[in-house]
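Peer 1: The following comprises the amino acid sequence and a computationally predicted model.
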Amino acid sequence: MKRNIIIFGLIFSVIFGCYLTPAPEAKAIDPVTIAILTPIAIKAAQIAAPYVLRGLRNMAIAASKTIPDFINLFKLPVGLLLMTVGAPFGTFMRGCNYFIHGLIAPFKLSWHLLCVPFAAFKITR
């Protein structure tokens, strides 16, 4: 009984806790400050642009490595069909090959997807 009360109290505090806190205050920046800082921000963006583009290119290359993994995901059911239904027609070994590729594909896909954000900094291979 005590455990249920504790769990209910935790759920209640998580759900309604955001309504009991005051709203954050909005702080505006005056237009003069924005007018002064705009040329500096433009220069900073021009300096950073080649690095950002290089990072985006590296991320696109890393993301393109996931395409074969998506294709290999579909080899799992195909391999299972070739191993069972197609076995009398001599496709058992090819079905085993597809099945193994299909079993490994989710893990490779997860790894490649986890590496995409790090590719912006050229950390991954």
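Peer 2: Yes, it's here. Quantities reported herein were computed from a predicted structural model and do not represent experimental measurements.
Peer 1: Could you use CA atoms for every contact and neighbour count after this?
Peer 2: Will do.
Peer 1: Need the three-state assignment for the residue positioned nearest the centre of the chain.
Peer 2: By CA atoms, centre = their mean, the chain has its centre lying nearest to Leu113, at 5.8 Å. Three-state call for Leu113 (DSSP: H, G, I helix; E, B strand; the rest coil): helix.
Peer 1: Quick check, pLDDT for it.
Peer 2: For Leu113, the model assigns a pLDDT of 92.
Peer 1: Please identify the buried residues of whichever strand or helix holds Ile104?
Peer 2: If you go by DSSP states H and E, Ile104 is part of helix 92-119. For helix 92-119, the neighbour count (16 or more other CA atoms under 10 Å) marks 92, 94-103, 105, 108-109, 112-113, 115-119 as buried.
Peer 1: quick check, distance from stretch 98-109 to the centre of its chain.
Peer 2: 19 Å (CA atoms, centre = their mean, to the nearest Å).
Peer 1: Lys43 and Pro88: what is the separation?
Peer 2: The gap separating Lys43 from Pro88 is 70 Å, by CA to CA, to the nearest Å.
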